[in-house]
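Participant: All I have is the shape, not the residue letters:
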């Protein structure tokens, strides 16, 4: 505070109650001499003027002639500020006095007054005793109305001003300068401003703190620039956390509200949500579907269009213009198109004075453009904050909208590829039908919802000859359409090789060669192929399960006594490695055993322990369940995490066994006369089974197959009849030569046996075994 300035406090009667050191230096009166006397006695030219009249100011503001203690006259410039008490009652006044013309003649005063920075001076009670013009403008008042008031009384009690007041008290108490910053609405400013504040103590000639000074720097533009950069930086992490169109739109509006807008919405063209290609549309009106919106609070604009519903935008509306012009469009109240657009959208029930007062006064519409394609529009409205959208806001919105549009387009493309992969996979996955009686099956396939896309997991149940069945499960490395296509190739190859009736380990060897050839044939830009597979064959006659695996997890086995364990087997190398053998494991199962085949997505994962999850699988299989379908659900519930990172295929098979009354076999001597005995044996057996209706065809089939075995095969020779859903006739011998179906010429004496068998039965074939081959034929049973 200037040495020539004085500050004093008087009560409502005009009696001095406070006298500063500056007042002593200016007038010569000490505090003891001045306190308790009427102010007019010490600051008027003629002493003894008496007390202040009720309701009047103790001294007139402006120039006053006073008398120094030593008798010479003083011309002072007086400022008077009332002190308000309870009920707005004036309890006193703060008076500042300075020699007239001091500000004009003092260099320090000129610097103080002409500074572009707001500078204020406070006494030890934190009341204004001096302000320059910039400070008065920032506070929204004149010096006469601000002098004597505390900082909080003049600036308001926001969080920022309270922080400044606390720091000023620390400066006065400690004598050390401090810095602070605030973001608030100051004085008459129409919007919020950012301030950097410097505070330092004021000392007299003895070093005693007699007040504090405050200087502020308006950093609103820098603050807004930092906020824009922070918003852009936040957009890089907040947008596109999932490959879901709706979720991405919700993340976008959450980013805009409330920091950027009081209301925000995202409307997309319908084709975007359908994951199809953009259609040609030349209509002037634009139809879009509301995907997401957010509001800053109850006083912010409310949505008129609900999520999931469409809205029509006329050509003159800001959203339609943004789509047509492919740029951000600013609109504000007072513009004819904006006022017309808002009036048409506002329901008549809301056209009240209160509703009109809360109407948006500014709108910003930004097109969502990605890879040259327009996906929709983002809308931002303001009604709570008084400032309108500016060009910088449009640039910021276009930057964020561009990132959001790319995320939406990525999600759209992912949804489209996922739909294609799902359609392809559903067409390739087997339709398990009740075409076999060896096992009862139930299955589940769960495609992953992760960004990686649909994987190449598959399973199959393949009926084999002799009532046997093949159980298959496999997994192709990678995700997306290429993996799904590879899965389709392998699934078809397994069915083809299974039809040849190869043993499990031999089938995997052929499948390994196929994957190796596919890898060699692929282009350089296609990732290397790889897959795992497990192939198991179950025979309900012998109750033998034969399993071989190529890099695949072992199956779990639930026995009828309730115990569960993993089948011990050598997993072998994954398909495509080449040159390494596969081994089969064979075990006899009691009837009613449950074999669980699965892909690694069920038990494996980044944060999962395989040993622990396989134990969980075994425990889940022992849980009580009314059916295999229910048991599938129990397994998935207890073993699978909430958000699996990979596809999951699960196949459960409960084994059955054919009783002794359904299977009959006998040895055959290598003698043509033995054929008649075998025919009689077969006819007697059919009669016992009640199948006399098909005895003629069966007699012919048995005769032809046994005759061929005696004539062309090697002993030992055997014949077996199996009665299940069909009647199966099997003739085996130790020769490895397979029969061939051919058409006999008119004068040939033989060559018609197999052709006759093929025409009289549903299907026939041969399979190789370690000790020779087996020729088999199936007949339909008569309808009962």
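Facilitator: Cool, the structure landed. These numbers come from a predicted model, not from an experiment. Numbers count the residues shown, from 1 in each chain.
Participant: Just the buried positions in the lengthiest helix in the chain, please.
Facilitator: As assigned by DSSP state H, the longest helix anywhere in the chain is helix 391-428. For helix 391-428, the neighbour count (16 or more other CB atoms under 10 Å) marks 393-394, 396-398, 400-412, 414-415, 417-418, 421, 424-425, 428 as buried. Glycine gets a C-beta too; all of them are placed from N, C-alpha and C.
Participant: Likewise for stretch 304-313?
Facilitator: 311, 313.
Participant: what's the answer for stretch 556-569, then?
Facilitator: 556, 557, 558, 564, 567, 569.
Participant: Run a quick neighbour tally on residue 725.
Facilitator: 14 (other CB atoms under 10 Å).
Participant: Surely it touches residue 781?
Facilitator: Yes - with contact defined as CB atoms under 8 Å, residue 725 counts as touching residue 781 (7.1 Å).
Participant: need the helices for the stretch 351-500 of the chain, in chain order.
Facilitator: With DSSP state H, counting those that start in this stretch as the criterion, the stretch 351-500 of the chain has helices at 353-357, 391-428, 481-499.
Participant: Of those, which shows the lowest average pLDDT?
Facilitator: The minimum mean pLDDT among these belongs to helix 353-357 (a mean of 52).
Participant: where along the stretch 101-250 of the chain do the helices fall?
Facilitator: For the stretch 101-250 of the chain, applying DSSP H, counting those that start in this stretch gives helices covering 102-105, 107-114, 133-139, 143-146, 151-155, 159-174, 220-238, 245-256.
Participant: Could you export those to TSV, including columns for mean pLDDT and mean neighbour count?
Facilitator: Output for the helices of the stretch 101-250 of the chain, formatted as TSV (pLDDT from 0 to 100; neighbours: other CB atoms under 10 Å):
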stretch	mean pLDDT	mean neighbour count
helix 102-105	50	14
helix 107-114	73	13
helix 133-139	85	20
helix 143-146	79	18
helix 151-155	84	19
helix 159-174	86	16
helix 220-238	74	14
helix 245-256	88	22
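Participant: mind putting those helices in JSON lines, distance to residue 493 included?
Facilitator: As requested, the helices of the stretch 101-250 of the chain are exported to JSON lines (distance: least, CB to CB, whole Å):
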{"stretch": "helix 102-105", "distance to residue 493": "98"}
{"stretch": "helix 107-114", "distance to residue 493": "91"}
{"stretch": "helix 133-139", "distance to residue 493": "81"}
{"stretch": "helix 143-146", "distance to residue 493": "90"}
{"stretch": "helix 151-155", "distance to residue 493": "81"}
{"stretch": "helix 159-174", "distance to residue 493": "71"}
{"stretch": "helix 220-238", "distance to residue 493": "45"}
{"stretch": "helix 245-256", "distance to residue 493": "37"}
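Participant: do you know which of those helices lies nearest residue 38?
Facilitator: Within the helices of the stretch 101-250 of the chain, the stretch nearest residue 38 is helix 143-146; the backing value is 21.9 Å (CB to CB).
Participant: How much space separates the most centrally placed residue in the chain from residue 672?
Facilitator: Most central in the chain under CA atoms, centre = their mean is residue 242, positioned 3.2 Å from the mean C-alpha point. Using CB to CB, to the nearest Å, residue 242 is found at 75 Å from residue 672.
Participant: Ok, residue 308 next?
Facilitator: Distance, residue 308 to residue 672, using CB to CB: 81 Å.
Participant: Check residue 661 too.
Facilitator: Residue 661 sits 31 Å away from residue 672, going by CB to CB.
Participant: ok, now residue 241?
Facilitator: Residue 241 sits at a distance of 79 Å from residue 672 (criterion: CB to CB).
Participant: can you check residue 697 too?
Facilitator: Relative to residue 672, and taking CB to CB, residue 697 is found at 22 Å.
Participant: more crowded one of the two?
Facilitator: Per other CB under 10 Å, whichever of residue 697 and residue 672 has more neighbours is residue 697, with 18 against 11.
Participant: Tell me if I'm right that that one and residue 779 touch.
Facilitator: Yes - with contacts defined as CB under 8 Å, residue 697 counts as touching residue 779 at a distance of 6.1 Å.
Participant: what do the two both touch?
Facilitator: Residues within reach of residue 697 and of residue 779 at once, by CB atoms under 8 Å, 6 or more residues apart in numbering, are 760, 761.
Participant: any idea which helix or strand carries residue 24?
Facilitator: Per DSSP states H and E, residue 24 falls inside helix 21-27.
Participant: which of the residues in that helix are buried?
Facilitator: For helix 21-27, using 16+ other CB under 10 Å, the buried residues are 21, 22, 23, 24, 26, 27.
Participant: of the residues you listed, closest to residue 291?
Facilitator: Nearest to residue 291 among the buried residues of helix 21-27: residue 22, at 66.8 Å, using CB to CB.
Participant: what about that closest one, distance to residue 97?
Facilitator: For residue 22, the distance to residue 97 equals 9 Å [CB to CB].
Participant: Spit out the residues that contact those two alike.
Facilitator: By CB under 8 Å, 6+ apart, residue 22 and residue 97 have these common neighbours: 5, 6, 7.
Participant: For the nearest residue to the second one once chain neighbours are set aside, give me its contacts.
Facilitator: Taking CB to CB, 6 or more residues apart in numbering as the measure, residue 6 lies nearest to residue 23, with 3.6 Å between them; neighbours along the chain are not counted. With contacts defined as CB under 8 Å, 6+ apart, residue 23 is in contact with 6, 7, 8, 29, 34, 97.
Participant: wait, what's in contact with residue 9?
Facilitator: Residues counted as contacts of residue 9 (CB under 8 Å, 6+ apart) are 16, 17, 18, 83, 92, 93, 94, 95.
Participant: about what we covered before: can you list which of the buried residues of stretch 556-569 are found in strands?
Facilitator: Those of those mapping onto strands are 556, 557, 558, 564, per DSSP state E.
Participant: beta partners of the third one?
Facilitator: Listed by DSSP bridges, the beta-bridge partners for residue 558 are residue 564, residue 594.
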